[in-house]
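1. I'd like to go over a predicted model; first the sequence, then the structure.
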Amino acid sequence: MSTDQSDASIPLFDHHCHGVTTADLDRDEFETLITESDWDAPEGTTHFDSQVGFAIRQHCAPVLGLEPFATPDDYLSRRRQLGGVEASRRLLRATGISHYFIETGHRGDEILDPDDMADAADARAFEIVRLERLAEELVLDGCAAADFREAYGRLLDDRLSTAVGVKSIAAYRIGLDFNPERPLAAETDRAVASWLADIASGAPARLADPVIIRNLLWAAVDRACAIQFHIGYGDADVDLYRCTPLLLTEFLRLTRDSGARVMLLHCYPFHREAGYLAQVFPHVYFDVGLAINYTGSRSDEIIAETLELAPFHKILFSSDAFGAAELYHLGALLFRRGLARALDTFSQRDGWPQSECARITEMIGWRNAWRAYRLDTVTSVKPEARDAVAS
Ligand SMILES: [Zn+2]
């Protein structure tokens, strides 16, 4: 059976990723980018001995001109020889990703911004605004508690004139078991006053107040945005047991008719729960980014599992790559491969026509993101690009 659905010429919209770093990385710096742990590998071991490490050696080594399964030392010395800029360009340009939706709120000073990312990857790049970071910027700029709600709304409107959506890290800061109701204005004002008092007495401006975060989420709902939520697997900062998307069920009921779309990010190991929510709620979409890279040779099975309950028009592609260009490369390659293999299996087992498999590949690869993010209404998408991609 053909696997031409994995053809890199089919465009992909990476609806959730971060910027790449083009620095010349040494071994330690590189290893910290290929794990979600913030710890070095124990003495005498390496983060390369993992699914993602093997996938880098198998799939990325040839892009840099080496044999598959080059040793980590040979790989990294070749990478340094080419330089971080050139290695990143090669890896990014071979992904076939045509549009990157870049969340800029995490360690933004270490990575390329959307414009530079578009240049490096020879693709289009759009911004996704992190809601919590925007609030932190506002209070660091000296916003008073009484002005916060209005000023936040104005700032969000301004950013959404070019950004294509927002993201919340409520999972990290308060867990997803938050009260889903819109908070009262007075309640929010009191919470902001107390946050500002903490900052004035020396606390970092790290927003972790549930009332304020709920206020930000409802500001996004009121603007009928695409709202991304971190779900499931992430770094050691997250309490994974408070990250199942089922905890958002009541919030999803309350927002069903709002016009907002809810994008559940990564989801692993709760991707089956996410698939259920995507089926029952008309405004819910999801992806298994991040997990694809970190499960490497096992990612086929996880991608196939996303095709169980979820309607095909609700599944999105993301790499959730941050920093290392290898992660965008693998995110795209493993995703194309896993989706093609799953559809081939359905074809062989149940006779799904190849033309229908091709249609589903395009939906999940980019058409769903195009529709769900309403890219036809984004003014920064040039009309000719719109026509080319929407035809
Ligand atoms: Zn992310």
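-> Done, it's in. No experiment lies behind these values; they were computed from the predicted model shown. Residues are numbered from 1 along each chain as shown.

2. Pull up the gap between Ala310 and His266, please.
-> As defined by Cβ to Cβ, to the nearest Å, Ala310 lies at a distance of 15 Å from His266. Where C-beta positions appear, they are placed from N, C-alpha and C, glycine not excepted.

3. Looking at the two, which one has more neighbours?
-> Comparing Ala310 with His266 by neighbour count (other Cβ atoms under 10 Å), the higher total belongs to His266, at 27 against 22.

4. how much space between that one and Asp235?
-> The span separating His266 from Asp235 equals 11 Å under the rule Cβ to Cβ.

5. same deal with Arg173?
-> Relative to Asp235, Arg173 is positioned 13 Å away (criterion: Cβ to Cβ).

6. Comparing those two, which residue is more hemmed in?
-> Taking neighbours as other Cβ under 10 Å, Arg173 and Asp235 compare with Arg173 leading, 19 against 11.

7. Could you report the pLDDT at that one?
-> For Arg173, the model assigns a pLDDT of 96.

8. What is the burial count for the residue nearest to it when sequence neighbours are not counted?
-> The shortest distance from Arg173 to any residue that is not its chain neighbour, by Cβ to Cβ, 6 or more residues apart in numbering, is 4.4 Å, and that residue is Ala208. By other Cβ under 10 Å, 13 other residues sit near Ala208.

9. which SS class is Ala208?
-> In three-state terms, and counting by DSSP: H, G, I helix; E, B strand; the rest coil, Ala208 is coil.

10. ok, now which ones touch the nearest residue to Leu91 once chain neighbours are set aside?
-> Of all residues beyond its chain neighbours, the one nearest Leu91 is Ala325 (3.9 Å), with distances taken as Cβ to Cβ, 6+ apart. Residues in contact with Ala325 (Cβ atoms under 8 Å, 6 or more residues apart in numbering) are 20, 87-88, 90-92.

11. If we use 7 Å, what do you get?
-> Shown in contact with Ala325 (Cβ atoms under 7 Å, 6 or more residues apart in numbering): 20, 87-88, 91-92.

12. next one: Leu131
-> Counting by Cβ under 7 Å, 6+ apart, Leu131 touches 166-168, 216-217, 220.

13. Ramachandran angles for the closest residue to Arg27 other than its chain neighbours?
-> Once flanking residues are discounted, Arg27 sits nearest to Leu76: 5.6 Å by Cβ to Cβ, 6+ apart. With angles defined as degrees, to the nearest 10, Leu76 sits at phi -70, psi -30.

14. And Gln228, by the same measure?
-> The phi and psi torsions at Gln228 (degrees, to the nearest 10) take the values phi -90, psi 140.

15. thought Gly140 was touching Arg206?
-> Wrong residue type there; residue 140 is Leu, not Gly. No - taking Cβ atoms under 7 Å as the contact criterion, Leu140 and Arg206 are not neighbours in contact, 11.0 Å apart.

16. residue boundaries of the strands in the stretch 51-200 of the chain?
-> Assigned by DSSP state E, counting those that start in this stretch, the stretch 51-200 of the chain shows strands spanning 97-103, 124-130, 165-168.

17. So for the shortest one, could I get the coordinates as PDB, restricted to C-alpha?
-> When you say that, I think you mean strand 165-168. Below are the C-alpha coordinates for strand 165-168, written out as PDB (Å, rounded to 0.1, in the frame of the first residue of the first chain):
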ATOM      1  CA  GLY A 165      -5.200  33.200  18.900                       C
ATOM      2  CA  VAL A 166      -4.300  33.000  22.600                       C
ATOM      3  CA  LYS A 167      -2.900  30.300  24.900                       C
ATOM      4  CA  SER A 168      -3.400  29.700  28.600                       C
END
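
18. Give me the sheet partners of that strand and which way each runs.
-> Strand 165-168 has its sheet partners listed here by DSSP bridges as strand 124-130 (parallel), strand 226-231 (parallel).

19. between those, which gets nearest to Leu66?
-> Each of the strands paired with strand 165-168 was checked against Leu66 via Cβ to Cβ, and the shortest separation belongs to strand 124-130, namely 28.4 Å.

20. Name the stretch among the strands paired with strand 165-168 that sits most buried.
-> The highest mean neighbour count among those, using mean count of other Cβ atoms under 10 Å, belongs to strand 226-231: a mean of 26.

21. Could you point out the helix or strand that follows that one?
-> Beyond strand 226-231 in the direction of the C-terminus, DSSP states H and E gives the next helix or strand as helix 249-255.
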